[in-house]
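Q: The following comprises the amino acid sequence and a computationally predicted model.
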Amino acid sequence: MPYDGQAGTRRIARMGAMTTGPKSSPAPKAAPRIRPVPAVARAVAILRLLGRTRQPMNVKSISDELQLVPSTCLHILRALAAERLVSFDPASKRYKLGTGILALARGVMDTDSFAQTVQPMLDEISRKWKVTAIGVEVLDLHHIIVTALASSQLPFRLHVDVGSRFPALISASGRLVAAFGGYSREALRAKFDTLRWQKPLRFEDWLAEVELARQLGHSADDGNYIGGISIVAVPVLDACQRITHTIVAASIIDQLSPDDADALIHELKAHAGHLSHQLFSLE
């Protein structure tokens, strides 16, 4: 069945239509020039590949996947192994992520003020509304990453974990990234064309929902990203009204009544406002 953009827009309007958010976001500052460091980029690519596959891989498989010279790949793997960021099995001659990654990850979680502050909020939201509640950091126009999570107590579980990365413009959070990120239409179109939806939208319909999200201060995805799943998100904004994080609630479609959905969104916005004040010292 073709996607009805107007129907989707009406659904978002129904969910919290009485509350409006910032009407515009400032133009982004020019990104600092970063000098390429090939060895670092290759090492990071190897770590991400091993994290994605979650299966041990040999040098040839890694080098083929990343289009690296095998000898270069081997030298990088040995350096990573020396730091315990990867581990090597002599019997299978395969590499996987090492325990050193855990120490780094623990350090991130221990110093991430957003994750520490949002976790009790997510726990409360999940318990009260029987939804999966997620804290998301916006990295850039390319990716968002889950930094905190409280799973639903219902007999369904959204396949997401702390550390999961997603395309920045996907689902409800993606509409907020587009609305409050200060990106051009051309940049949004280029990234939108790479997205994979279970029930795809036309770019023009998606842009209309982005604009509505800017006006309402929240966004919703009713089954476009994941069939049968309703996802709502609110932005956490810095002192310049630029998006830094989102708070997300995921549930089965029609699990919540319209009144409950409005109440949940109101609660999410209150938490987001508290986080903005606490993290960015807003007056």
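A: Sure thing, it's come through.
Q: Please, which helix or strand holds residue 235?
A: strand 229-237 (DSSP states H and E).
Q: chain center to that strand: distance?
A: 10 Å (Cα atoms, centre = their mean, to the nearest Å).
Q: who does that strand touch, helix- and strand-wise?
A: With contacts defined as 3 or more Cβ pairs under 8 Å, 6 or more residues apart in numbering; DSSP states H and E, strand 229-237 has these neighbours: helix 171-180, strand 219-222, strand 243-252, helix 258-280. C-beta here means a position set from N, CA and C on the backbone, and glycine is covered the same way.
Q: Ends of stretch 176-189, what's the gap?
A: Using Cα to Cα, to the nearest Å, one end of stretch 176-189 lies 15 Å from the other.
Q: which residues sit against it?
A: 22, 25-28, 138, 141, 144, 168-169, 203, 207, 210-211, 213-214, 218-219, 233-235, 237, 241-243, 246 (Cβ atoms under 8 Å, 6 or more residues apart in numbering).
Q: what's the average pLDDT for that stretch?
A: Across stretch 176-189, the average pLDDT comes to 96.
Q: repeat for stretch 236-249
A: 95.
Q: wouldn't residue 69 be in contact with residue 63 here?
A: Yes. Counting by Cβ atoms under 8 Å, residue 69 touches residue 63, with 6.9 Å between them.
Q: higher neighbour count, these two?
A: residue 63 (21 against 10; other Cβ atoms under 10 Å).
Q: what's the nearest residue to the more buried one if we skip its chain neighbours?
A: residue 73 (4.0 Å; Cβ to Cβ, 6 or more residues apart in numbering).
Q: Confirm for me that the one you found is in contact with residue 57.
A: No. Checked against Cβ under 8 Å, the pair residue 73 and residue 57 is beyond contact range at 10.4 Å.
Q: So these two - more neighbours on which side?
A: A count of neighbours by other Cβ under 10 Å puts residue 73 above the other of residue 73 and residue 57, at 23 against 20.
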